[in-house]
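Engineer: Okay, sequence plus prediction incoming.
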Amino acid sequence: MFDALSEKLSGVFDRLRRRGALNETDVAEALREVRLALLEADVALEVVKDFITKVRDRAIGAEVLKSVTPGQQVVKIVHDALVEALGGEGAVPLNLNAPAPIPFLMVGLQGSGKTTTSGKIALRLREKLRKKVLLASLDTQRPAAQLQLAQLAERAGVASLPIVAGETPVQIARRAMDTGRREVFDVVILDTAGRLSIDQALMDEVRDIRAATDPAETLLVVDAMTGQDAVATARAFNEALGVTGIVMTRMDGDARGGAALSMRAITGAPIKLTGAGEKLDALEDFHPERVAGRILGMGDIVGLVERAAETIDQQEAEKLAAKMARGKFDLEDYAGQLRQITKMGSLSGILGMLPGVGKIKAQLADANLDTSILKRQAAIIGSMTRGERRQPDIIKASRKKRIAAGSGTSVQEVNRLLKQFDDMSAMMKRMNKLGQKGLMRHGLGALMPGASSGRRPF
Amino acid sequence: MALGAFFGRLKQGLARSTEKLGQSITAVFTRRKLDDAALEELEDLLIRADLGPEVAARIVASFRRTRFGRDITEDEVKAALAGEIAAILAPVAVGLSIDPAHRPHVVLVVGVNGTGKTTTIGKLALSWREQGLTPLLVAGDTFRAAAVEQLQIWGMRAGCTVITGAPGADAAGLAFDALGRARAEGADVLLIDTAGRLHNKSALMEELRKIIRVLRKQDPRAPHSVLLVLDATTGQNALAQVRVFKEMVDVTGLVVTKLDGSARGGVVVALAEAFALPVHAVGVGEQAGDLRPFDAGEFARGLIGL
């Protein structure tokens, strides 16, 4: 029962796909599994019920039963319903359609990630939209919360409101807006203290803050690991404040999907952003179709490409692709790739976006993939001569010893790198042979002969 | 905080979680027999309390065996359900005892981000201080902005020394030095805070193991307790959290926080069944006194609405 939702569902659908014709019992059985999987993924019960009813009505339609590929049909129906429940196609941007300084109000339970998210949004507005952002912490409850936001502001390269001891949150909010007007800020992000939805005094307080600042966005920050309580929280905050958007944090954990579905269903507000890491740039747009695809085990290729496009040097990538196509891929190129992968963030995060990786993910986790391995590998390649990088075959025992000493590693590690490089070259050859179509049909698994025998693909 | 106010707060907190469940059960059972429909609704109620579909189904199945088709009053259902849940929880309701012989008894506090590790440490330090022990705190979260300052403020409140390192410093090295100092000073407890980490990040989990490895160079039995702090709003993912943390750092007990909210923390029942780890304490507020021992009967009755 610890399996991720996507693995559960792909198991069910694998069985369905193999069936020739489906009857109502088949559909009902599949939907029971879907219901259980959704519940285990912490989708709120009432949301699950609605979802299942919708899917059942469509799935039992005559088309499905008469269809030649009924399993595929059901998969498609579940996928479409999931996309719809998550908010339809496309990401909804933050609302900047208000006179400056535009107030953003961040609200949520304790520990949901409001302060970190505030810092991330500030960085995104500054970097991508060239906005002048002021961060203001209204959290007078938790020790050092104001200091935390000030430190994050510094990292994000934006201003933070000077801390004045003894002010109430409403007073701080007013001062933040005054400062925003006087010093001509584009956006003022008001980070509030975490509060329980049932704490009347604190809910009244945040209502007062809202009344005093009239925010363009009231963002409810929610931990992706939230259970059934998502319903109570979403409802309470939405009724008190009118939530305009939701930010799901900790999407880099293994609890994906559940709370997002509930939140969206209860508030009707779009999920605008997702947090997927502790670094300040780990903030992504929420794309319902991608998350639905991820839940169903179809991977998040678009997200991967997008992330890659942001970090990878276009020219270098083209050169590399040409070399790969010609089968001339050497250790120098490998080192270049390592640098770019490191720039893209954690490996497990990237792998999570690939289709078909769900099943081998557990093995990958065991293999303890982290970017420090990549750094060591870069060091090893750095200790080689140019000739060695272009023609790794010439590296024998004494060269290995020298390289190990030069990079502060061991001969075993040098061996491992060379072995991996060999595997990789072999993989490239297979990829060229399979071509684009083959890759789509067989998924990543086709490229990884070693995955099933526990060998590392990297 | 005065004791009366404290119990008032707890009662308030639990009463709220209870009310809803209690009302719904009342609605189901004053009216009819314990038939299929009623059993299904009962299962739904348990799922809504975060017990998880599997545990909910199991509890309902046992109801079906013993009580199916009988006319059953609301009180009977509640009492039986509470009894069932309390029986699952009773073995795990074990307090955290500090062994003065260790000097210091090393307590490593771990968990995912935002569950309330630092706040829990502050509360623990204060309660041990009140018992006349001398705790030493280690600000092992060198990653998150202002985490050190947050613990320092708690240290001040509790009157405990807080050992800190530079931002981004190696938490294991800091813990090692702190243990040396605690031994030299004869502290009773060494409470080590750690940065929050998601259990599926193996590199970060490896860092935790490193802390334990270096502690053992000084005291082969350290850490004597490894506390996993769990947020009560967490759903079924808590099972994955506990499983991985237990595997990686040999968690010895749980602290469940934020039970004063609308979340019922029903996943604790599933956890008790799956792992049988002691639940040492529950957090019911942000104030220093808002940490209390876990009582199985009280928790179960709270869930059911008795």
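Structural biologist: On my side now, so go ahead. Residues are numbered from 1 along each chain as shown, chains lettered A, B, ... in the order given.
Engineer: buried stuff in the one helix or strand residue B:255 maps to?
Structural biologist: Element membership for residue B:255, per DSSP states H and E: strand B:253-257. Judged by neighbour count using 16 or more other C-beta atoms under 10 Å in any protein chain shown, the buried positions of strand B:253-257 are B:253-257. Where C-beta positions appear, they are placed from N, C-alpha and C, glycine not excepted.
Engineer: With stretch B:175-187 instead?
Structural biologist: Within stretch B:175-187, the residues scored as buried using 16+ other C-beta under 10 Å are B:175-176, B:178-179, B:181-182, B:187.
Engineer: Any idea how far it is from the middle of the chain?
Structural biologist: Offset of stretch B:175-187 from its chain centre (C-alpha atoms, centre = their mean, to the nearest Å): 27 Å.
Engineer: Widest-spaced pair of the buried residues of stretch B:175-187?
Structural biologist: Farthest pair in the buried residues of stretch B:175-187 (C-beta to C-beta) is B:176 and B:187. Separation: 15.0 Å.
Engineer: where does residue 306 land on pLDDT?
Structural biologist: I went with chain A, as the question did not name one. On pLDDT, residue A:306 comes in at 55.
Engineer: switch to chain B, that's the one I care about
Structural biologist: Residue B:306 carries a pLDDT value of 66.
Engineer: ok, is stretch B:257-275 in contact with chain A or not?
Structural biologist: Yes. Counting by C-beta under 8 Å from any C-beta of the partner chain, chain A is contacted by stretch B:257-275 at B:258, B:260-264, B:266-267.
Engineer: quick one: secondary structure of residue B:40?
Structural biologist: helix (DSSP: H, G, I helix; E, B strand; the rest coil).
Engineer: what's the closest non-adjacent residue to it?
Structural biologist: Spatially, and ignoring its direct neighbours in sequence, residue B:40 is nearest to residue B:60 (8.0 Å; C-beta to C-beta, 6 or more residues apart in numbering or on different chains).
Engineer: For the stretch 201-350 of chain A, which segments are assigned as helices?
Structural biologist: For the stretch 201-350 of chain A, applying DSSP state H, counting those that start in this stretch gives helices covering A:230-241, A:258-267, A:288-295, A:301-311, A:314-325, A:331-344, A:347-351.
Engineer: If I average pLDDT within each of those helices, which one is lowest?
Structural biologist: Among those, helix A:301-311 scores lowest, at a mean of 55.
Engineer: For residue B:169, grab phi and psi.
Structural biologist: For residue B:169, the backbone dihedrals (degrees, to the nearest 10) come out as phi -70, psi 160.
Engineer: Let me see the contact set for it.
Structural biologist: residue B:142 (C-beta atoms under 8 Å, 6 or more residues apart in numbering or on different chains).
Engineer: and it, how far is that from residue B:114?
Structural biologist: Separation of residue B:169 from residue B:114 (C-beta to C-beta, to the nearest Å): 22 Å.
Engineer: can you check residue A:80 too?
Structural biologist: According to C-beta to C-beta, residue A:80 stands 34 Å off from residue B:114.
Engineer: who's more crowded, the two?
Structural biologist: residue B:114 (25 against 15; other C-beta atoms under 10 Å in any protein chain shown).
Engineer: so which residue of the stretch 151-300 of chain B comes closest to chain A?
Structural biologist: residue B:235 (2.3 Å; C-beta to the nearest C-beta).
Engineer: count of residues packed around residue A:97?
Structural biologist: 8.
Engineer: Hmm, I typed the wrong one, I wanted residue B:90.
Structural biologist: So residue B:90, with other C-beta under 10 Å, has 14 neighbours.
Engineer: Residue B:294 is in contact with that one, correct?
Structural biologist: No. Counting by C-beta atoms under 8 Å, residue B:90 stays clear of residue B:294, with 10.5 Å between them.
Engineer: can you tell me which residues contact residue A:253?
Structural biologist: With contact set as C-beta under 8 Å, 6+ apart, residue A:253 has these partners: A:224-225, B:112, B:198-200, B:237.
Engineer: And residue A:225, by the same measure?
Structural biologist: Contacts of residue A:225 by C-beta under 8 Å, 6+ apart are A:42, A:250, A:253, A:255, A:259, B:112, B:231, B:234-235, B:237-238, B:241.
Engineer: among those, which one has the lowest pLDDT?
Structural biologist: Ranking these by pLDDT, residue A:255 lands last with 69.
Engineer: Tell me what residue A:102 is bridged to.
Structural biologist: residue A:187 (DSSP bridges).
Engineer: same thing with residue A:135?
Structural biologist: Beta-bridge pairing of residue A:135, defined through DSSP bridges, involves residue A:160, residue A:189.
Engineer: For the residue of the stretch 201-350 of chain A found nearest chain B, which non-adjacent residue is spatially closest?
Structural biologist: Nearest residue of the stretch 201-350 of chain A to chain B (C-beta to the nearest C-beta) works out as residue A:227 at 2.3 Å. Nearest residue to residue A:227 in three dimensions, chain neighbours excluded: residue B:235, at 2.3 Å (C-beta to C-beta, 6+ apart).
Engineer: Test my guess that the one you found contacts residue B:268.
Structural biologist: No. Residue B:235 is beyond contact range of residue B:268, at 11.8 Å (criterion: C-beta under 8 Å).
Engineer: which one of those two has more residues nearby?
Structural biologist: Between residue B:235 and residue B:268, counting by other C-beta under 10 Å, residue B:235 is the more crowded of the two (31 against 28).
Engineer: list the contacts for the more buried one?
Structural biologist: Residues near residue B:235 by C-beta under 8 Å, 6+ apart: A:42, A:225-230, A:255, A:258-259, B:50, B:52, B:267.
Engineer: ok, it to residue B:241 distance?
Structural biologist: Residue B:235 sits 11 Å away from residue B:241, going by C-beta to C-beta.
Engineer: And for residue B:267?
Structural biologist: Counting by C-beta to C-beta - residue B:267 and residue B:241 are separated by 10 Å.
Engineer: Now for those two: what residues contact both?
Structural biologist: residue B:234.
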